[in-house]
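A.B. asks: Provided below are the primary sequence and the corresponding predicted coordinates.
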Protein chains: 2
Amino acid sequence: MADRIFNFNPGPAALPLQVLKEVQQEFINFKGSGMSISEISHRSALFEDVLNDAIVRFKRLLKLSDNFKILFLQGGASSQFFMVPMNLLPEGSSADYINTGSWAKKAIKEAEILKKTCNVIASSEDKNYSYIPKKFSVNPSAAYLHFTSNNTIEGTQWAQFPDGGGVPLVSDMSSDMLCRSFDASPFGLIYAGAQKNLGPAGVTVVIIREDMLERASKDVPTMLRYSTHADKNSLYNTPPCLAIYIVQLVLKWIEESIGGLDAMERRNREKADLLYGYLDSTDFYRPTAEKDSRSLMNVTFRLPDEDLEKKFVAEAGKVGLGGLKGHRSVGGCRASIYNALGLDGVQSLVDFMKTFAQKNG
Amino acid sequence: MADRIFNFNPGPAALPLQVLKEVQQEFINFKGSGMSISEISHRSALFEDVLNDAIVRFKRLLKLSDNFKILFLQGGASSQFFMVPMNLLPEGSSADYINTGSWAKKAIKEAEILKKTCNVIASSEDKNYSYIPKKFSVNPSAAYLHFTSNNTIEGTQWAQFPDGGGVPLVSDMSSDMLCRSFDASPFGLIYAGAQKNLGPAGVTVVIIREDMLERASKDVPTMLRYSTHADKNSLYNTPPCLAIYIVQLVLKWIEESIGGLDAMERRNREKADLLYGYLDSTDFYRPTAEKDSRSLMNVTFRLPDEDLEKKFVAEAGKVGLGGLKGHRSVGGCRASIYNALGLDGVQSLVDFMKTFAQKNG
């Protein structure tokens, strides 16, 4: 570890060292092909093995039934903000949205740009998005209910997913995908940019239930239709092969080194308990999310004043604790403790926080 | 070289070994940051240096004037097929297209799906796209003239770009970007998927003239507007950082190891002359493109029959000459001799072809 830091970046974020080493080791000559993974054809058996292994592992980890397809797309979650209404919201129908933060708001905005009818049935904007709304009623005729499972900037997360009462759930899980087990059966579509829990920036995972595929009207461009990519197993055009390969290695790491999603969740809860436990034990640091809405992935907190926050981030950086600055839109501090970061990283952070509080309290 | 092959893949394609080695060497700890390039923030100074260096090198290589912007987008050239008309073709105007092959045809199809008016002013479909049309007249009121500078599948290339007579040129240069010098001033927009001459799959370079940026109507989704990415220097959302970094190293290789675009072009002409020279000297192999339309990048040819073609591809593979199969839509053989492939690779191929012809002729 001597030359590596503990990386609390919100995304792009830490990747398992074991995965990075495997990429490095076979980067010039992938599986004896005499080529880099970046140089092989996306239509070769070598690459299809990578792609299909990633799909099988994803389905196994999430216990998905056969009527779900896994797609590897490009353009980030930001592109899903418009692709979801473009594909799933036909003329004359409406969708429900829950506004829990900056990214949820952007998803709503893109539906509106497309002149789609979306009803914001709940919002926590009244209290700076510090909580997950509990009371709302879903329109039974809604085409889907969209929510953001984890709010990276505000540090909140749905402890239990909303009940759509039969309306298909659609969720942006960019910042907590594969952090825990959940029942995928009420979902019509789930999307996640890879650069937090899954791999490098440059690939977006979309999990789509088959009955959602054919809702798009005929004037949607070919590349923007989910059915295009589902029909061709994400090989309609050249996919981001290198990024998909790294995702495959991360999935293998979760299954074979961590021991699956339940073990992953235990590890994540242990990390979060350690950090929130310390935060609750001191007045120097003030966590910003309400207790029952706290995120397992992004722990947001304030210090007594902004000068101390700057000092905190700077001094942490000097001792190998990186990426602790809060998002520029909200300020403060944030420790992103995604899947790849171990308990040792959180323990080091807590130790540093204690010393810093003693010196500056 | 013992463990590397000569890679004639059409894309994803060969990358310079020197670039692959540099990626490998600093993959676990980028520039002493204690993080991988895949783990650092896209908003960090470290990554912005990579991004801006790539932009500066691109502009310098192509001698672009200051009114051009370089964007790094996702979704491949296939996404540009619809983004170009979506952004550059306002209601009530029309664009001219030249149909020189499979990809040009797809570009036309996407404009039509958007119900845009596009006039196909020339086509070489009458002769299986074996030539570049010479006679056509551009509508002076066209919003742009779209053409495919190099036709990867058919092995043809524009020796001289069409004269738009003042109408802005728009070109898909996915398979010949940076293979030679050219005057960019008549262009409104140029796009290229990276996975042939520029880097790994997963990033698309768009070169856009500033006056093209504001043509899009307000109902275009944020992520699909060129202006969104131009305004934020490709950092509106998380870009494909790893792919951009590899592109930057490829650009550095062209400038510092090859010696710039004129040297690159000389090298490419030498390679193409060697291969076409041999093809013209034998009756066993039959090049498919007309002489004045031949591509410097994709050399397409047939053997006396399909069984021999299969045998040719298989035996070449066994001696470390990979990727020689023609595109499934046209059959035959194809040697893609992109920037990263050296003269030694072409010489090895010609030597193998001579022996194969002697044995099977």
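C.D. replies: Cool, the structure landed. Everything quoted here is computed from the prediction, not taken from an experiment.
A.B. asks: Mind jotting down where the strands sit in the stretch 101-250 of chain A?
C.D. replies: All strands of the stretch 101-250 of chain A, identified by DSSP state E, counting those that start in this stretch, fall at A:117-123, A:145-148, A:150-151, A:156-157, A:169-172, A:187-193, A:204-209.
A.B. asks: Looking at the ones you listed, which is nearest to chain B?
C.D. replies: When those are compared by CB to the nearest CB, strand A:187-193 sits nearest chain B, at 6.6 Å. Where C-beta positions appear, they are placed from N, C-alpha and C, glycine not excepted.
A.B. asks: Tell me the strands beside that closest one, with direction?
C.D. replies: Strand A:187-193 pairs in its sheet with strand A:169-172 (parallel), strand A:204-209 (antiparallel), by DSSP bridges.
A.B. asks: How much space separates A:Asn128 from A:Ser149?
C.D. replies: Note on A:Asn128: its distance to A:Ser149, by CB to CB, to the nearest Å, is 19 Å.
A.B. asks: more crowded one of those two?
C.D. replies: A:Ser149 (25 against 12; other CB atoms under 10 Å in any protein chain shown).
A.B. asks: so the more buried one touches A:Gln157, yeah?
C.D. replies: Yes: with contacts counted by CB atoms under 8 Å, A:Ser149 reaches A:Gln157, the gap being 6.7 Å.
A.B. asks: Residues that sit against both of the two, list them.
C.D. replies: A:Asp176 (CB atoms under 8 Å, 6 or more residues apart in numbering or on different chains).
A.B. asks: beta partners of the nearest residue to A:Pro186 once chain neighbours are set aside?
C.D. replies: Nearest non-adjacent residue to A:Pro186, counting by CB to CB, 6 or more residues apart in numbering or on different chains: A:Leu169, 5.1 Å away. Bridge pairing for A:Leu169 (DSSP bridges) gives the partners A:Leu145, A:Phe187.
A.B. asks: For A:Leu169, give me its contacts.
C.D. replies: A:144-145, A:147, A:161-162, A:186-188.
A.B. asks: Count the residues that sit near A:Glu48.
C.D. replies: 14.
A.B. asks: Revised request: answer the last question for A:Gly165.
C.D. replies: 12.
A.B. asks: now A:Lys135
C.D. replies: Quick note: A:Lys135 (other CB under 10 Å) scores 6 neighbours.
A.B. asks: Check the closest residue to it other than its chain neighbours and give its pLDDT.
C.D. replies: The spatially closest residue to A:Lys135, leaving aside those adjacent along the chain, is A:Ala122, at 7.2 Å (CB to CB, 6+ apart). A:Ala122 is assigned a predicted lDDT (pLDDT) of 98.
A.B. asks: same deal with the one 5 residues further on?
C.D. replies: Turning to A:Lys127, the model gives it a pLDDT of 97.
A.B. asks: Quick check: next helix or strand after the biggest helix by length in chain A?
C.D. replies: The longest helix of chain A (DSSP state H) is helix A:261-280. As assigned by DSSP states H and E, the chain's next helix or strand after helix A:261-280 is strand A:286-287.
A.B. asks: now stretch A:292-302, how far from the chain's geometric center?
C.D. replies: Remark: stretch A:292-302 is offset 14 Å from the chain centroid, using CA atoms, centre = their mean, to the nearest Å.
A.B. asks: Show me which residues of it are buried.
C.D. replies: A:293-302 (16 or more other CB atoms under 10 Å in any protein chain shown).
A.B. asks: same check, this time on stretch A:265-275
C.D. replies: For stretch A:265-275, by 16+ other CB under 10 Å, it's A:265, A:267-268, A:271-272, A:274-275.
A.B. asks: now do stretch A:185-200
C.D. replies: A:186-200.
A.B. asks: and what of stretch A:158-177?
C.D. replies: Buried-residue list, stretch A:158-177, by 16+ other CB under 10 Å: A:158, A:161-162, A:164, A:167-177.
A.B. asks: Check the average confidence over the host helix or strand of A:Phe301, would you?
C.D. replies: Take DSSP H and E as the rule and A:Phe301 turns out to sit in strand A:298-302. Taken as a whole, strand A:298-302 carries a mean pLDDT of 98.
A.B. asks: List the contacts of A:Cys241.
C.D. replies: A:Cys241 touches A:37-38, A:40, A:42, A:47, A:50, B:12, B:200-202, counting by CB under 8 Å, 6+ apart.
A.B. asks: quick one: which of the buried residues of stretch A:265-275 is nearest to B:Gln358?
C.D. replies: A:Arg267 (63.4 Å; CB to CB).
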